[in-house]
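A.B. asks: From the sequence below, what's the structure:
(one chain, ligands or ions: 1)
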Amino acid sequence: MTTSPDLLAPRPTHAADLRTGPGASAFPVRIDRLGGTGALLLSGPSATDGSEGLVGHATRWGPLPAHDGARVRTLLRDSRLDGRGGAGFPVARKVETALLAPGRPVLIVNASESEPASRKDRTLCRHRPHLVLDGASLLARALGADEVVLHSHRIGGSPSGPLSLAIVERVRAGLEDPAWHLSEGPDRYVAGESSAVASFVDGGEARPRFTTRPLAVDGPSGRPTVVSNAETVVQLAVAARIGAVAWNSLGAPSSPGPRLVTLAGAVPRPGLVLELTGPGTIGDLLTAEGLGAPPAAVLVGGFAGTWVRGDEAWQTPFSRESLQCVGASPGCGLLGVLPHDACPLVETARIVRYLAGESAGQCGSCVAGLPRLAGAMDALAAGTARRRGLARMDALADTVLGSGACAHPDGVVLLVRSALRVFRDDVVRHLAGGPCRAADHPPVLPVPDARPTPTTGGDAWR
Ligand code: SF4
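C.D. replies: Here you go, the predicted model:
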């Protein structure tokens, strides 16, 4: 566990999340991992103990509070619980929207965690399945839903296994739960997007859908559909136990509640999930994992996230408002650490190439634009791009931005633009003709192999 007594000293750029006095978090910063005594969501058995059974879960947490739907909705409003899958949408508003729409709402818990380096949702499903099911049960009550679909990707060690064992325990124990349905979909990046998940669960393809009507108003089945990720429902299960005010105070003023973060890249244990309570900084999180000084840069929020310079990230609280100050957002909770001896442009190019291959193939600008952006980044990383090619790349990014049915291309543009801004000196060196000395560094971030895309070369960027 790490505490940072200096955190409450005023800092000009992130004052909202570090202030003392009224509105400040009453909690000191605590950072811990699965089974740690400083954790709340991750408290209990350690990672080597496997899945926590119903007896152990009930002994630690007590029975699920018998809140009715109205009380759960009050809890959602008072706690200000935000979705933890990436978009950060207030859960109370999603629920209220669904209840105003015609038809009985459908509830899907999305445990697919498409982000390749993220581990928090699968950690919760594997090690704390009853917290996931408790939270899903509460959210079903808020919606008046008598069935819940638990969706994950079809992968080795899928969360479905531990969840199904936990369901058997609950049925045997006679718990008053909704009817559970397990669903496994394709292991693709955009297949975990909310509308793609809802479409797959309804019998369609796991692709984002073209519509301006929110899922909570009109899902693929014609019924209001709420998709919440696994961490979100776990947060609800914990808030129901400790109360909305106490849960809220465990975050920073702009970001209620505790947060789960996955560390990736140049850290001692890539894939480690940490739980942060209080207004801790990215530096606090990395210090807890043994880093003694700021790295070169941190990729914040996921592969379609934002690069932030290491020294800037180090002092930035991991909260929504403070991350906005550096152009980032919590996203899926990923922190990708780039060491000083790696090439940021090579790393970015690998991610962009992977993301380009993950397009769902249904929007022209995404299908044609992302491979071209990937080609441009490849050329820049290899030192074969020229200045006019960079200008064309910027124009292409403008064309791609906002042109897809989902936010996938926007995320890629966000990543590319943050790389060009944060690594300006590296860009200049690469444009001057030749890869930098770090270009041969082994890959840092766990980027899966890219699927083939129509355009592979970077000739157009010369
Ligand atoms: S923007 Fe891309 S990923 Fe999203 S739906 Fe269209 S083709 Fe698929």
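A.B. asks: any low-confidence regions in the chain?
C.D. replies: Judged against pLDDT under 70, the low-scoring parts of the chain cover residues 1-27, 434-435, 452-462.
A.B. asks: can you give me the strands for the stretch 251-400 of the chain?
C.D. replies: Counting by DSSP state E, counting those that start in this stretch, the stretch 251-400 of the chain has strands at residues 259-265, 273-277, 297-300, 306-309, 334-338.
A.B. asks: now those strands in JSON lines, with distance to the ligand and mean neighbour count?
C.D. replies: Yep, even glycine has a C-beta here, placed from its N, CA and C like the rest. Formatted as JSON lines, the strands of the stretch 251-400 of the chain follow (distance: least, CB to the nearest ligand atom, whole Å; neighbours: other CB atoms under 10 Å):
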{"stretch": "strand 259-265", "distance to the ligand": "23", "mean neighbour count": "25"}
{"stretch": "strand 273-277", "distance to the ligand": "27", "mean neighbour count": "25"}
{"stretch": "strand 297-300", "distance to the ligand": "20", "mean neighbour count": "30"}
{"stretch": "strand 306-309", "distance to the ligand": "19", "mean neighbour count": "23"}
{"stretch": "strand 334-338", "distance to the ligand": "19", "mean neighbour count": "27"}
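A.B. asks: okay, now the closest residue to the ligand within the stretch 51-200 of the chain: neighbour count?
C.D. replies: Across the stretch 51-200 of the chain, the shortest distance to the ligand (CB to the nearest ligand atom) belongs to Val190, at 4.4 Å. Using other CB atoms under 10 Å, Val190 has 24 other residues around it.
A.B. asks: Now do the phi/psi pair for it.
C.D. replies: Torsion angles at Val190 (phi, psi; degrees, to the nearest 10) stand at phi -80, psi -10.
A.B. asks: and what of Gln362?
C.D. replies: The phi and psi values for Gln362, taken as degrees, to the nearest 10, are phi -130, psi -10.
A.B. asks: Near the ligand, which residues of the stretch 351-462 of the chain are found?
C.D. replies: For the stretch 351-462 of the chain, the residues found near the ligand under the criterion CB under 6 Å from any ligand atom are Ser359, Ala360, Gly361, Gln362, Cys363, Cys366, Val367, Gly404, Ala405, Cys406, His408, Pro409.
A.B. asks: which of those lies closest to Arg392?
C.D. replies: Using CB to CB, the shortest approach to Arg392 within those belongs to Pro409, at 16.9 Å.
A.B. asks: circling back: Throw the strands of the stretch 251-400 of the chain into CSV and include distance to Glu176, thanks.
C.D. replies: Supplementary listing: these in CSV, determined by distance: least, CB to CB, whole Å:
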stretch, distance to Glu176
strand 259-265, 28
strand 273-277, 29
strand 297-300, 41
strand 306-309, 43
strand 334-338, 36
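A.B. asks: Assumed Ser183 was part of a strand.
C.D. replies: Yes. Following the definition DSSP: H, G, I helix; E, B strand; the rest coil, Ser183 is counted among the residues of a strand.
A.B. asks: and the residue nearest to it when sequence neighbours are not counted, how many residues sit next to it?
C.D. replies: When the adjacent residues along the chain are set aside, Ser183 lies closest to His151, with 4.3 Å between them (CB to CB, 6 or more residues apart in numbering). Residue neighbour count, defined by other CB under 10 Å, stands at 27 for His151.
A.B. asks: now Gly174
C.D. replies: Burial measure for Gly174: 7 neighbouring residues, criterion other CB under 10 Å.
A.B. asks: Next, work out how far apart the residue of the stretch 351-462 of the chain found nearest the ligand and Val190 are.
C.D. replies: Distances between the stretch 351-462 of the chain and the ligand by CB to the nearest ligand atom are smallest at Gly404, namely 2.3 Å. According to CB to CB, to the nearest Å, Gly404 stands 10 Å off from Val190.
A.B. asks: swap in Glu169?
C.D. replies: As defined by CB to CB, Glu169 lies at a distance of 34 Å from Val190.
A.B. asks: who are the neighbours in contact with the nearest residue to Gly402 once chain neighbours are set aside?
C.D. replies: In space, and not counting its chain neighbours, Gly402 is closest to Asp410: 6.3 Å by CB to CB, 6+ apart. Asp410 makes contact with Ala304, Val400, Leu401, Gly402, Gly404, according to CB atoms under 8 Å, 6 or more residues apart in numbering.
A.B. asks: Help me confirm that the fourth one is found in a strand?
C.D. replies: No. Assignment of Gly402 by three-state DSSP gives coil, placing it outside any strand.
A.B. asks: who's in contact with the nearest residue to Gly222 once chain neighbours are set aside?
C.D. replies: Once its chain neighbours are removed from consideration, Gly222 has its nearest residue in Gly103; the separation is 6.6 Å (CB to CB, 6+ apart). With contact taken as CB under 8 Å, 6+ apart, Gly103 is in contact with Gly222, Arg223, Pro224.
A.B. asks: What strand or helix carries Gly103?
C.D. replies: Element membership of Gly103, judged by DSSP states H and E, is empty: it is in no helix or strand.
A.B. asks: Just the buried positions in stretch 415-434, please.
C.D. replies: When neighbours are counted by 16 or more other CB atoms under 10 Å, the buried residues of stretch 415-434 are found to be 415-420, 422-423, 426-427, 429-431.
A.B. asks: Could I get those residues in CSV, plus columns for secondary structure?
C.D. replies: Formatted as CSV, these follow (three-state DSSP):
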residue, secondary structure
Leu415, helix
Val416, helix
Arg417, helix
Ser418, helix
Ala419, helix
Leu420, helix
Val422, helix
Phe423, coil
Asp426, helix
Val427, helix
Arg429, helix
His430, helix
Leu431, helix
